[in-house]
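Participant: sequence and predicted structure, then a few things I'm wondering about:
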Amino acid sequence: FSNSYELLIELKNKNLLENKPKYWWPNFGTFEVVVGAVLTQNTRWENVEKALNQWKMENENWRVEDIASLDPVFLAEIIKPAGFYNQKSKRLIALSRNILRDFGDFESFKENVDREWLLAQKGIGFETADSILCYACGREIMVVDAYTRRLLKKHGYEFESYDEMREWCERGVEENWDKLDSIYENSLNLCFARFHGKIVEFMKK
Ligand SMILES: Cn1cnc2c(N)nc[n+](C)c21
């Protein structure tokens, strides 16, 4: 493939997202995505799901108001399966408090947060920030990760930085948006959410 549009087309016909949530990340658009994005650092997704489900055994769902006022030792115990649980517990509580302090509630955070605010939060780097923007806030931004880097390297593409790789993935799709729009029968929204999901599922196979 000579650009990311051609890569997307090659992946499109492999049915990589069948029996997956519509936008790939479970509970897309909710605070649970924010928690999962922090928990998935340096561990396997299966461990994140275990941690997320531990909380949901006792609670309806993950709410920013609950986590903001939680005892860090108590939360660490719940998220233990995800690893680095003391550090991740402290960071999730601080992040939740800052969301309430700076935005008032999760809905307003979804609408108004930007990449700079996220990157200023302790323990949030490019991949975590972009996962939150894309899958919690529904922004058209491409998450790139070790899977993406490995796939592109295999096809001769190497990048100086995270952002250079992200821009390569976004540019090829944006330059061919009209072609994609007709292929997807004009239902082309959040295509980067699905594009990243296809890459992860392809590389895991
Ligand atoms: C949501 N999500 C984030 N990272 C993932 C992964 N590695 N594998 C599968 N899923 C669904 C994931």
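Facilitator: Received it, and whenever you're ready, just let me know what you need. Residues are numbered from 1 along each chain as shown.
Participant: from here on, just use CA atoms for contacts and neighbour counts.
Facilitator: Fine.
Participant: any chance you could list what contacts the longest helix seen in the chain?
Facilitator: Taking DSSP state H as the criterion, the chain has its longest helix at helix 85-103. Identification of contacts with helix 85-103 by Cα atoms under 8 Å, 6 or more residues apart in numbering yields 35, 38-39, 64-65, 67-70, 72-73, 75-77, 79, 105-106, 109, 112, 121-123.
Participant: list only buried entries from those.
Facilitator: The neighbour-count test (16 or more other Cα atoms under 10 Å) marks 35, 38-39, 64-65, 67-68, 72, 75-76, 79, 106, 109, 123 as buried among those.
Participant: and which of those residues is nearest residue 145?
Facilitator: Using Cα to Cα, residue 38 is the member of the buried ones among the contacts of helix 85-103 that lies nearest residue 145, at 14.0 Å.
Participant: averaged over its residues, what pLDDT does the host helix or strand of that closest one have?
Facilitator: Following DSSP states H and E, the helix or strand that holds residue 38 is helix 31-39. Helix 31-39 carries an average pLDDT of 98.
Participant: tell me how far it lies from the chain's centre.
Facilitator: On the basis of Cα atoms, centre = their mean, to the nearest Å, helix 31-39 sits 8 Å off its chain's mean C-alpha point.
Participant: same for the helix or strand encompassing residue 7, what does it pack against?
Facilitator: Counting by DSSP H and E, the element that carries residue 7 is helix 4-12. With contacts defined as 3 or more Cα pairs under 8 Å, 6 or more residues apart in numbering; DSSP states H and E, helix 4-12 has these neighbours: helix 162-174, helix 191-204.
Participant: can you redo these as CSV with mean pLDDT?
Facilitator: Listed next are those as CSV, based on pLDDT from 0 to 100:
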stretch, mean pLDDT
helix 162-174, 97
helix 191-204, 96
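Participant: ok, which of the ones you listed comes nearest residue 4?
Facilitator: helix 162-174 (4.6 Å).
Participant: helices and strands of this protein: which one bottoms out on pLDDT?
Facilitator: When the helices and strands of the chain are scored by mean pLDDT, DSSP states H and E, helix 177-183 comes last with a mean of 86.
Participant: list the buried residues of it.
Facilitator: The neighbour-count check on helix 177-183 (16+ other Cα under 10 Å) flags residue 180 as buried.
Participant: from the centroid of this structure, which residue is nearest?
Facilitator: Nearest to the geometric centre of the chain sits residue 131, at 2.4 Å (Cα atoms, centre = their mean).
Participant: tell me the secondary structure for that residue?
Facilitator: Under DSSP: H, G, I helix; E, B strand; the rest coil, the three-state class of residue 131 is helix.
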